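> I would like the atomic coordinates for the input below:
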Amino acid sequence: MRTIAPERLLAMALAPDDCTSMAEVRVGVDATDRELVALLDRRFGYMRAAARIKETRGAVRDEERKAYVINAAVKDAEARGIPGDVIADVWERLVEGSIAYEFEEWDRIRK
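I've put the predicted structure just below:
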């Protein structure tokens, strides 16, 4: 299977309601996945910034902030008609992975 450049893939993607074939759906899903990875790249950039800014390693894990982020994602998802329980699971993993990454970055910066 050949790889299509992300910007070309995005240009090829139809809106979900405009798709009439599985090929069109797959192009849209693939384009959306590329967009998600780009957004995650930016999000992890913020984790690098947080690791640089936080003065103590203990400040990396913030359970109150974690709960806020997950709850906000669930509320947003439910308002869009997306299953909140699925988004809660995804965000739990995303936030825990982000915290682990931030710890790694905090340690790396201060070696």
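> restricting to C-alpha, output the host helix or strand of Ala67 in CSV.
Using DSSP states H and E, the element containing Ala67 is helix 63-79. Output of helix 63-79 as CSV, limited to C-alpha atoms (Å, rounded to 0.1, in the frame of the first residue of the first chain):
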residue,chain,number,x,y,z
GLU,A,63,-4.4,15.2,40.1
GLU,A,64,-6.8,18.1,40.3
ARG,A,65,-5.6,19.3,36.8
LYS,A,66,-5.9,15.7,35.5
ALA,A,67,-9.5,15.4,36.6
TYR,A,68,-10.3,18.8,35.1
VAL,A,69,-8.8,17.9,31.7
ILE,A,70,-10.6,14.6,31.5
ASN,A,71,-13.9,16.0,32.7
ALA,A,72,-13.7,18.8,30.2
ALA,A,73,-13.0,16.4,27.4
VAL,A,74,-16.0,14.2,28.4
LYS,A,75,-18.4,17.2,28.6
ASP,A,76,-17.2,18.4,25.1
ALA,A,77,-17.5,14.9,23.7
GLU,A,78,-21.0,14.4,25.1
ALA,A,79,-22.1,17.9,23.7
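> how distant is it from the center of its chain?
Centroid separation for helix 63-79 versus its chain: 13 Å, with C-alpha atoms, centre = their mean, to the nearest Å.
> stretch 47-62 too?
19 Å.
> tally of neighbours for Arg65?
11 (other C-beta atoms under 10 Å). Bear in mind the C-beta positions are built from the backbone N, C-alpha and C, glycine included.
> hang on, I meant Ile53
Ile53: 9 surrounding residues under other C-beta under 10 Å.
> having no further points to raise, I will conclude here.
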